[in-house]
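Trainee: Compute the structure for the input listed below.
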Amino acid sequence: MVTFPTAASSAISRRTSAIRGRRIHALAWIAVLATAPFLVSCSGTSGGASDPADPPAAPATVSVAGPSGRVAAGATAHFVATVTNAASTNVNWEVNGIPGGNSTAGTIGASGLYTAPASVPSPATVSVTAVLVTDATKTGSATITVVSAAQNNGGVFAWRNDSMLSGVNSAETLLTPATVSGGTFGKLFACPVDGEVYAQPLYMANLSIPTMGLHNVVFVATENDSVYAFDADATVCQTLWQTSFLTGGATPVPSGDTGSGAISPEIGITGTPAIDPVGETLFVVSKTKLNGGYVQQLHALDLFFGGEKSGGPVAIQATVKGTGDGNNNGGQVPFDPLHENQNGGLLLSGGLVYVVFGGYGNTDPFHGWAFAYNAATLGQVAVFNTTANGARGGIGPAGASPSADSSGNIFLASGNGSFDLNTPRTDYGETVARLGAQTLAVADFFTPFTQAYLNASTLDLGSSGILLLPNQTGSIPHMAMVGSQQGILYLLNRDNLGQYAPGGPDHVVDQLPVGTLAGAIFGTPALWTGTNTLYIAASGDSLKGFSFSGGVLTHSPSSQSSAIFGSPGASPAISSNGSASGIVWMVDTSGFGTTQPAVLHAYDATNLSKELYDSSVKSGDAAGDAVPFVVPTVFNGKVFVGTQTELSVYGLLP
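Mentor: I've put the predicted structure just below:
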């Protein structure tokens, strides 16, 4: 179900007969007419005496309504003229005073459809004018700003920014250590939402919405099965659209139905969606309950209005050979839509959408599942179960998505669960695996020699996402890092993960030994090449930076924060302007499960003892109440934080 703001909804009902058959684009047009902030009118006067017994005739007026904001070069926008007190309502259109416009300012047709020029060297504001045919002195105008189409490519389209899970935005020019620490940074506004926000907010710059103009848009998904598109810059929150998957009597799944309170009080959308900016599609998985049954569905949503695309949604379902937990007594293990937790972010790579599942805590039965779907058709391509002949082995720890390298290899990590000591292996609990993109077949893997102890102690190897590192100099160019619940950070060779070494030692490149970090690693580390530093915040530990250069990781921190991040720690995000102005952003969510707010922190990336910002210090800057494992989204001068009841937005103050 797609809904528009209240004013727009009333406008739609008023104009139903006028737009019959035009469907979604007409609805959007009407929504704009209802909310357009500028109605510019011009009226003339006439001389001569009037009969005092007759009231003077009202002068004719012309007003123009159009999309506020901006439009991308080469894109279109609708303008509508309203004429009153005139026998004829016909108008002629001009752009910057030129009838019909031209290639420099843009052109406009008789219907009011404006087409922006193919290119602009810099943002340019143009005036669109309607001239009354019967009286050229009666005009109305509205303005729109044309920006380069190349700017539409910017944004944060996936969990931790990209398929390598870097967490780095190296094109941030507005947020610098000076501007963030100078007292001019703080909370700008908040957008209320209908459920808890576990998913990382996603961002698309300069989305050219037909009839609505150009907007910077932030997308937010909730546990109440809603997806919102908010204007990222409107200081009084503006909802561009909202899509709810609660149709036909469906509800979110009550947490009690799963037998666990890991996510409470309801379960809807947990994993971070993924955006295809070229295909203009947002992929997201919903979980609902209807008539006592449960279903998880993959949706492909149109970015402009939130409608379903590609024949979606499709129910996520599969059956694999096996005798593991939850089997059907016929040598098969079916996917269980109730007990499987779609916690991990979605990954879009090579034209495929990858969706992963784990459990709710250690509430059996569950397995680790990975699915691959064709992004264009939503057809299922491949399925992988980590423990088809065993139990557990969940995927998607702490909200992490799978990783993908430039060759299309898929990397994922499983938690505690069954592991086959001998070949041929079918169970891969406590394992980092490299899978084939099209088949999801295991091509290589790493399992610690301590896997039996880890499994018995319910300690996950893959408690963090798998960070794929930029190519390194030396004999091992392709490396990856993964954290464990035991507090060990492993450095792996992506081309030879090390497999399993009974009795040890593990075949890894290096590792931070137990005790280097104070607790479990639930946050995925981040590497900034500006300082060649790896940043990590374990549970109950400070934010620490470790030098990493030429494939060599130091075992002592080069700097660390004074603040301690309680359970579950945090996943750092980094913003910089190339190799300068580095900032490490953190969200302290240790207050989750209570009414304590999330706390946004910012640190100088060159010296973590220098804190630039703390949202708990400044009056009025508190975020909404905390949700665990959230990752801040930093882009275009703003920081977006998901919470229990709102999207909290921070940036440079007016």
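
Trainee: When you work out contacts or count neighbours from here on, use the C-alpha atoms and nothing else.
Mentor: Will do.

Trainee: A strand includes residue 256, no?
Mentor: No: with DSSP: H, G, I helix; E, B strand; the rest coil as the criterion, residue 256 is located in helix rather than a strand.

Trainee: Go ahead and report the secondary structure state at residue 455.
Mentor: Assignment for residue 455 (three-state DSSP): helix.

Trainee: wait, doesn't it sit right on residue 414?
Mentor: No: judged on Cα atoms under 8 Å, residue 455 makes no contact with residue 414 at a distance of 11.1 Å.

Trainee: Compare the two (neighbour count), which wins?
Mentor: Taking neighbours as other Cα atoms under 10 Å, residue 455 and residue 414 compare with residue 414 leading, 31 against 20.

Trainee: Overlap of the contact sets of residue 455 and residue 414?
Mentor: Taking Cα atoms under 8 Å, 6 or more residues apart in numbering as the contact criterion, the common neighbours of residue 455 and residue 414 are residue 430.

Trainee: Run through the bridge partners of the residue nearest the centre of the chain.
Mentor: Nearest to the mean C-alpha position of the chain, counting by Cα atoms, centre = their mean, stands residue 202 at 2.5 Å. Going by DSSP bridges, residue 202 is paired in beta bridges with residue 219.

Trainee: Got the confidence number for it?
Mentor: Listed pLDDT for residue 202 reads 98.

Trainee: Check residue 151 too.
Mentor: Taking residue 151 on its own, its pLDDT is 50.

Trainee: same deal with residue 332?
Mentor: On the pLDDT scale, residue 332 is placed at 98.

Trainee: And for the one 10 residues further on?
Mentor: As summarised for this prediction, residue 342 has a pLDDT of 98.

Trainee: Could you double-check that it sits in contact with residue 366?
Mentor: No: using Cα under 8 Å, residue 342 is not in contact with residue 366; the gap is 11.6 Å.

Trainee: re earlier: my guess is the residue nearest to the centre of the chain contacts residue 227. True?
Mentor: No: in this structure residue 202 lies outside contact range of residue 227 using Cα under 8 Å: 11.0 Å.

Trainee: joint contacts of those two?
Mentor: 219, 220.

Trainee: what about stretch 514-528, distance to the chain center?
Mentor: 24 Å (Cα atoms, centre = their mean, to the nearest Å).

Trainee: and what of stretch 640-648?
Mentor: Stretch 640-648 has its C-alpha centroid displaced from the chain centroid by 13 Å (Cα atoms, centre = their mean).

Trainee: Can you give me the end-to-end span of that stretch?
Mentor: 6 Å (Cα to Cα, to the nearest Å).

Trainee: Tell me which residues of that stretch come out buried.
Mentor: When neighbours are counted by 16 or more other Cα atoms under 10 Å, the buried residues of stretch 640-648 are found to be 640, 641, 642, 643, 644, 645, 646, 647, 648.

Trainee: With distance to residue 611 added, can I get these in JSON lines?
Mentor: Output for these, formatted as JSON lines (distance: Cα to Cα, whole Å):
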{"residue": "640", "distance to residue 611": "19"}
{"residue": "641", "distance to residue 611": "19"}
{"residue": "642", "distance to residue 611": "22"}
{"residue": "643", "distance to residue 611": "22"}
{"residue": "644", "distance to residue 611": "26"}
{"residue": "645", "distance to residue 611": "27"}
{"residue": "646", "distance to residue 611": "25"}
{"residue": "647", "distance to residue 611": "23"}
{"residue": "648", "distance to residue 611": "20"}
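
Trainee: Under the pLDDT cut-off, which ranges of the stretch 151-300 of the chain? List them.
Mentor: Confidence mapping of the stretch 151-300 of the chain against pLDDT under 70 gives the ranges 151-153.

Trainee: Now do the helices in it.
Mentor: 177-181 (DSSP state H, counting those that start in this stretch).

Trainee: which residues in it form strands?
Mentor: Taking DSSP state E, counting those that start in this stretch as the criterion, the stretch 151-300 of the chain carries its strands at 155-156, 168-169, 185-192, 202-209, 213-221, 226-231, 239-244, 253-254, 266-267, 274-276, 281-290, 293-302.

Trainee: Then the stretch 351-500 of the chain?
Mentor: For the stretch 351-500 of the chain, the strands defined by DSSP E, counting those that start in this stretch occupy 352-357, 369-374, 380-385, 403-404, 410-413, 432-435, 442-447, 467-468, 479-483, 489-493, 499-500.

Trainee: and residue 521, which of these is closest to it?
Mentor: Residue 521 lies closest, by Cα to Cα, to one member of the strands of the stretch 351-500 of the chain: strand 479-483, at 5.4 Å.

Trainee: quick one: contacts of that closest one?
Mentor: Against strand 479-483 from outside (Cα under 8 Å, 6+ apart): 461-472, 489-495, 521-522, 524, 551.

Trainee: So for it, mean pLDDT?
Mentor: Average pLDDT, strand 479-483: 98.

Trainee: returning to what we had before: show me the contacts for the residue nearest to the centre of the chain.
Mentor: Contact analysis of residue 202 by Cα under 8 Å, 6+ apart lists 155, 156, 157, 158, 159, 218, 219, 220, 273, 275, 633.

Trainee: Tell me how far it lies from residue 635.
Mentor: 10 Å.

Trainee: Quick check: neighbours shared by those two?
Mentor: Shared contacts of residue 202 and residue 635, defined by Cα under 8 Å, 6+ apart, comprise 155, 156.

Trainee: Residue 559 touches residue 609, doesn't it?
Mentor: Yes: using Cα under 8 Å, residue 559 makes contact with residue 609 at a distance of 6.6 Å.

Trainee: the more surrounded of the two?
Mentor: Neighbours were counted for residue 559 and for residue 609 using other Cα under 10 Å; residue 559 has more, 20 against 16.

Trainee: Quick check: phi and psi on that one?
Mentor: Residue 559 has phi and psi values of phi -160, psi 160 when expressed as degrees, to the nearest 10.

Trainee: how near is it to residue 178?
Mentor: Residue 559 is 20 Å from residue 178, where distance means Cα to Cα.

Trainee: and if you look at residue 471?
Mentor: Distance from residue 471 to residue 178, by Cα to Cα: 31 Å.
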